[in-house]
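[1] coords below, sequence missing:
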């Protein structure tokens, strides 16, 4: 059978480079530390784990396709209108919904140069062009983004804080960005790491969503809540956007297990506070340790730190990642993000931070 005589996918699909998630260390026979996926080192809330156990007794039942109870729990937590919340299998699925609802061949999306890779993957699936705006010292540059907007622009994606840089822009800057966009362009504020930010000039964008018709904010349960395995995210958006997304989402897109765990997790403030405190302490330890090694970490407000490595042979980011992996520590290479001389290191347990710093000290001390 020739290739032409078999079913063919859309041309743009075959141009996609599949997303590669953070991996676990490949070494065996010793304790390992996965610091490549920005997971919560404290695990999940005990209440969420109990919710999962409770659901296991009714696995024959379909989940609530509307996720009504979870939407109410989120609305009560943040003071929102539950009707303007949509639930997805991770915020990634919500980005996919946006692609299906708003993008087509010939359109453009705009993101920052080092923006989250999934945005461009969503665009490619729709035959849409991704325009990457230059950043300013690894921070989203509002003026550069606005300069990239054309009549073909349908969506502007902003991760705030940004993954993989760990940097953020102030709410005033977000407002300035929105003010400069045409009213028919959708501004997507990806706030996956919002819970970790303590800066007084930061806001996730709920106010903008409430005030305007072209802003959507997304959040995830994968980070602070430690529910990455269950794939759970949500978005707050204008009613007309929610209506469009419901028309393209699957009828039972989020499991009952995820919904029940999400309700329990968002109500366990003690666990959230404990996770934030741990992250504050260990992120500072990691940052200071990297500075002492001369690795120029980017100041981060998230649960990871981007470390810049020398370009010289024997000290490079790629060689460091390989060394760490061989010694039971995995970190994230940044070549796909156009940062080949950097590694993104998750804020893990205290023992995990010790492991990455001691191994990097040994690596940097090699002749």
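    The structure has been received and is ready for your questions. Since we're looking at a predicted model, the values are computed, not measured.

[2] pLDDT below threshold where in this protein?
    Applying pLDDT under 70 to the chain flags the ranges 1-3, 28, 366-367.

[3] which helix in it runs the most residues?
    In the chain, assigned by DSSP state H, the helix with the most residues is helix 269-292.

[4] list the helices and strands the helix or strand following that one packs on?
    Where DSSP states H and E defines the elements, the next helix or strand beyond helix 269-292 is strand 304-308. Contacting strand 304-308 under the criterion 3 or more CB pairs under 8 Å, 6 or more residues apart in numbering; DSSP states H and E are the following elements: helix 269-292, strand 342-346. Heads up, the C-betas are built off the backbone N, CA and C, glycines and all.

[5] for the ones you listed, which one sits closest to residue 87?
    Proximity to residue 87 (CB to CB) singles out helix 269-292 among the helices and strands packed on strand 304-308, at 19.0 Å.

[6] still on that earlier bit, angle of the longest helix of the chain against strand 304-308?
    Interaxial angle of helix 269-292 relative to strand 304-308 (axes from the mean of the first three to the mean of the last three CA atoms, to 10 degrees): 10 degrees.

[7] give the buried residues for helix 269-292.
    Across helix 269-292, burial judged by 16 or more other CB atoms under 10 Å covers 271-272, 275-276, 278-279, 282-283, 286-287, 289-290.

[8] mind putting those residues into JSON lines with distance to residue 310?
    Compiled in JSON lines, the buried residues of helix 269-292 are given as follows (distance: CB to CB, whole Å):
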{"residue": "271", "distance to residue 310": "39"}
{"residue": "272", "distance to residue 310": "38"}
{"residue": "275", "distance to residue 310": "33"}
{"residue": "276", "distance to residue 310": "33"}
{"residue": "278", "distance to residue 310": "30"}
{"residue": "279", "distance to residue 310": "28"}
{"residue": "282", "distance to residue 310": "25"}
{"residue": "283", "distance to residue 310": "23"}
{"residue": "286", "distance to residue 310": "19"}
{"residue": "287", "distance to residue 310": "18"}
{"residue": "289", "distance to residue 310": "17"}
{"residue": "290", "distance to residue 310": "13"}
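
[9] picking that back up, as TSV, the helices and strands packed on strand 304-308 with distance to residue 5 would be great.
    Listed next are those as TSV, based on distance: least, CB to CB, whole Å:
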stretch	distance to residue 5
helix 269-292	55
strand 342-346	44
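
[10] indicate which one of these is closest to residue 33.
    Closest among the helices and strands packed on strand 304-308, once you apply CB to CB, is strand 342-346, at 9.1 Å.

[11] the closest one versus helix 269-292: what angle between them?
    Going by the same axes, to 10 degrees, strand 342-346 makes 150 degrees with helix 269-292.

[12] quick one: strands adjacent to strand 342-346?
    strand 304-308 (antiparallel), strand 332-333 (antiparallel) (DSSP bridges).

[13] just say which of these is most tucked in.
    Of the strands paired with strand 342-346, the one with the most neighbours on average (mean count of other CB atoms under 10 Å) is strand 304-308, at a mean of 26.

[14] next secondary structure after that strand?
    Next element after strand 304-308 (DSSP H and E): helix 317-326.

[15] hmm, back to that, please name every helix or strand in contact with the longest helix of the chain.
    Using 3+ CB pairs under 8 Å, 6+ apart: helix 269-292 touches strand 304-308, helix 350-364.

[16] isn't residue 323 up against residue 361?
    No. Judged on CB atoms under 8 Å, residue 323 makes no contact with residue 361 at a distance of 11.2 Å.

[17] between those two, which is the more surrounded one?
    residue 323 (16 against 12; other CB atoms under 10 Å).

[18] how about the helices and strands packed on helix 269-292, which one is nearest residue 222?
    Closest approach to residue 222 among those (CB to CB): strand 304-308, 12.8 Å.

[19] which residues outside the closest one are in contact with it?
    38, 138, 163-166, 283, 286-287, 290, 295-298, 300, 317, 334, 339, 341-347 (CB atoms under 8 Å, 6 or more residues apart in numbering).

[20] just how off-centre is stretch 41-57 within its chain?
    Relative to its chain's centre, stretch 41-57 lies at 22 Å (CA atoms, centre = their mean, to the nearest Å).

[21] er, stretch 95-109 I mean
    That offset, for stretch 95-109, works out to 19 Å (CA atoms, centre = their mean).

[22] would you mark the buried spots in that stretch?
    Of all the residues in stretch 95-109, those buried under the rule 16+ other CB under 10 Å are 95-103, 107-109.

[23] do the same with stretch 120-140
    120-133, 135, 138-140.

[24] pretty sure residue 316 sits against residue 323.
    No. Residue 316 is beyond contact range of residue 323, at 10.3 Å (criterion: CB under 8 Å).
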